[in-house]
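Asker: Structure, please.
(chains A and B)
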Amino acid sequence: MKVYLDNNATTMIDPEAYELMLPFLSDKFGNPNSLHSYGSETHPALRTAMDQLYACINAKDSDDIIVTSCATESNNWVLKGIYIDKILKGDKKRIVTTTVEHPAIGATCTFLESIGVEVTRIDVNEEGVITGDDLRRVMSDDVALVSVMWANNETGMIFPIKELASIAHEFGALFHTDAVQAMGKISVNVRDADVDFLSFSAHKFHGPKGVGGLYIKDSMPLTSLLHGGEHMGGRRSGTLNVAGIVAMGKALENATKFIKYEESHVRRLRDKLEDALLALPEVTVVGQKEHRVPNTILASIKGVEGEAMLWDLNQAGIAASTGSACASEDLESNPIMEAIGADSELAHTALRLSLSRFNTEVEIDYAIEKIKNAVTRLRAISSSYAYAPDWHKSGL
Amino acid sequence: MAKGNLISGNIWDEYSQKVQDAMNHPKNMGEITEEQAEAMGCTLIIADHGAESCGDAVRLYWAVENGTEIIKDAKFKSFGCGTAIASSDYMAELCKGKTVDEAVKITNIDVEKAMRDTPETPAVPPQKMHCSVMAYDVIKAAAASYKGVDPEHFEDEIIVCECARVSLGTIKEVIRLNDLKTVEEITQYTKAGAFCKSCIKPGGHEKKEYYLVDILAETRAEMEAERMQAVANAKVSGSGLESDLSFEELTVVKQLKAIEAVIDEHIRPMLVMDGGNMEILDIKKDDESGKIDVYIRYLGACSGCASGATGTLYAIENILQENLSPNIRVLPV
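Answerer: Numbering: from 1, shown residues only, chains lettered A, B, ... in the order given. As a prediction, the model looks like this:
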């Protein structure tokens, strides 16, 4: 059996979205900007997709949702655009963010610092989030932009976006949220949250890879990063990815319809898996269940190195993820575990399991069994357990 | 960056079959008890290296035969990734049958080579070489425990590149002997920096105490300072150059002084006697021929003299060549 539990990395494509893409990869290949019928016949599906995107996040007609290649591009656009529009012109000088943002924010901030921008990074608390008070403490009138993720990719912890946006606005700053891990998992309502910018990627909510978006409140000016054409109202040049956009619209519409299902069915399966993990000795999970998106578990399994765990799970057909040093080119341990002050021993034992609405009960039961087997085997090898209690020798 | 590196692969695809087998079924995983060691007529040694907080930790058990110092059995426990587990397994295997003194000579390179499926194909991807280093270090710890000495007893050099086991002393020496100017050249000569690349410069996937870029810069700066000191110490006079340096190694200023001194003593008096003189205009190295061109101008009676381009010129050139360098070429302007 193969079980995919790495949905925070990417998701399988929604079959309905996939079907909708196909004509635009074959006979309906026209460039939407062309004046002939080949171009024109793409327009109805593109308009439908845009309607779906606007409806799903409750954007107003006066807002812009610009289709980009992914959330990384959207995040870069906001940060660098604000630098050009506000900081370079001397209106404001600072960007405020957190220590646990995705590298699309973190590394872009580091780049901006290298050219003289002041960046304030707020440490998260032991639950892995920042509070309104944390933000208020670092705010002043010199802040151009506050950028805080809606939900964390590793822990699934949900940030209080509405409150944070309101505090940013009190100080005259704009507010951006990287909503990549929230879209399709929980309700994302830009009017209610009152955010100025919001980034997303289609492949995180069962859309295709290579397409995403940036919401811009009230069509606010933001210097473009890509010039050279009149696409997307002149705001983002580049021939439209018609198939991708059409599929993204449908995928988000379906994901939004399934949010209740995420809250019930997916959450129940996630909790079942989590409870089984926690029943093992010396396993911890980061963050309270009710404050997380319904699909995510970040567990730490004492004595079991992250990549070794992935190896065993992969052999059993289970796809998971780890922030463990050895699993990536960067040998530092899982950054979110470090950020929340977790014991550095635990930081090397992080295992991320992320579900989707396509996971079944049978799959979760299978995963529980295989995870237990892997923990038993690896703890028997582990030097950390060389003189540990004998529980692992007697089986779980 | 080039075509082959633009889309990264799965590191597991680069593990040898031996690494994969050892990860799945490590033969030497386990413990040796006091009773088991005693039954074999051995002393039990237990050594630890690394820590779970660092991401890698290994415990090594040796049963060392009393009297012969032969390691009759070796077992391990390991907290680490697949490579770390496989390396530990092979390291334990390599220890068996060796004396403690022989075992202490096993390096991580030996461990990595033992895990290769074919002699020319690395057993693990470059960034995983560091995982075999731990295996090397824990042997040192076990030997130190057996002999009752500090593990540093076996490590008399600072190791800069742990993957290739290249010491600070070796790197400095190679830079000096071969006049190396780039990190790429250091890697070509020593293999330092060829594997996980952490030792090349800060910002790699492991923090290091020494980086090749710094060692290169410092060694080049030392070499330059020593050269300048030697230049400063070089004595020039009419009888030529008294220095360990060749004329070519001097600065242009020193070269000028040396030429002036030789001209003053051997050439100028002769020219002045005939109502003439000369001056040096410039000194340039001709990269193509390797010659050092000395541009001169005749003064007084010498200017316009027919032998200025023949006999006098050859005399000046010969005297400078004899006293300073056969590479000198004199060009009248």
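
Asker: what stretches of chain B score poorly on pLDDT?
Answerer: Chain B contains residues with pLDDT under 70 at B:1, B:53-54, B:130-133, B:155-156, B:205, B:238.

Asker: how is it carved up into domains?
Answerer: B:10-156, B:169-223, B:251-332 (automatic domain parsing).

Asker: okay if I get these as TSV plus mean neighbour count and distance to residue A:261?
Answerer: The C-beta positions use only the backbone N, C-alpha and C, and glycine is treated the same way. Putting those into TSV (neighbours: other CB atoms under 10 Å in any protein chain shown; distance: least, CB to CB, whole Å) gives the following:
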stretch	mean neighbour count	distance to residue A:261
domain B:10-156	20	33
domain B:169-223	17	40
domain B:251-332	16	76
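
Asker: now these in a markdown table, with distance to residue A:310?
Answerer: Listed next are those as a markdown table, based on distance: least, CB to CB, whole Å:
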| stretch | distance to residue A:310 |
| --- | --- |
| domain B:10-156 | 9 |
| domain B:169-223 | 17 |
| domain B:251-332 | 57 |
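
Asker: Which one of those lies nearest to residue A:252?
Answerer: Between residue A:252 and the domains of chain B, the shortest gap by CB to CB is with domain B:10-156, which sits at 30.1 Å.

Asker: can you put the domains of chain B in TSV and add distance to chain A?
Answerer: TSV is the format used below for the domains of chain B (distance: least, CB to the nearest CB, whole Å):
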stretch	distance to chain A
domain B:10-156	4
domain B:169-223	4
domain B:251-332	38
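
Asker: what's the closest of those domains to residue A:47?
Answerer: For those, proximity to residue A:47 was assessed by CB to CB; domain B:10-156 is nearest, at 40.5 Å.

Asker: just how off-centre is the closest one within its chain?
Answerer: For domain B:10-156, the gap between its own C-alpha mean and the chain's C-alpha mean amounts to 27 Å (CA atoms, centre = their mean, to the nearest Å).

Asker: again, but for stretch A:85-105
Answerer: Counting by CA atoms, centre = their mean, stretch A:85-105 is centred 19 Å from the centre of its parent chain.

Asker: do the same with stretch B:230-243
Answerer: For stretch B:230-243 - counting by CA atoms, centre = their mean - the centre lies 32 Å from the chain centre.

Asker: How many neighbouring residues does the closest residue in space to residue B:191 that isn't next to it in sequence have?
Answerer: In this structure, residue B:191 finds its nearest non-sequential neighbour in residue B:164, 4.1 Å apart by CB to CB, 6 or more residues apart in numbering or on different chains. Here the count is done by other CB atoms under 10 Å in any protein chain shown, and residue B:164 has 20 residues near it.

Asker: Please tell me how far residue B:164 sits from residue B:189.
Answerer: The span separating residue B:164 from residue B:189 equals 11 Å under the rule CB to CB, to the nearest Å.

Asker: same deal with residue B:89?
Answerer: In this view, residue B:89 and residue B:189 are 33 Å apart by CB to CB.

Asker: what's near enough to touch the nearest residue to residue B:332 once chain neighbours are set aside?
Answerer: Setting aside the residues directly before and after it, residue B:332 is nearest to residue B:296 in space (CB to CB, 6+ apart), at 5.6 Å. Counting by CB atoms under 8 Å, 6 or more residues apart in numbering or on different chains, residue B:296 touches B:278-281, B:316, B:330-333.

Asker: Understood, closing this out.
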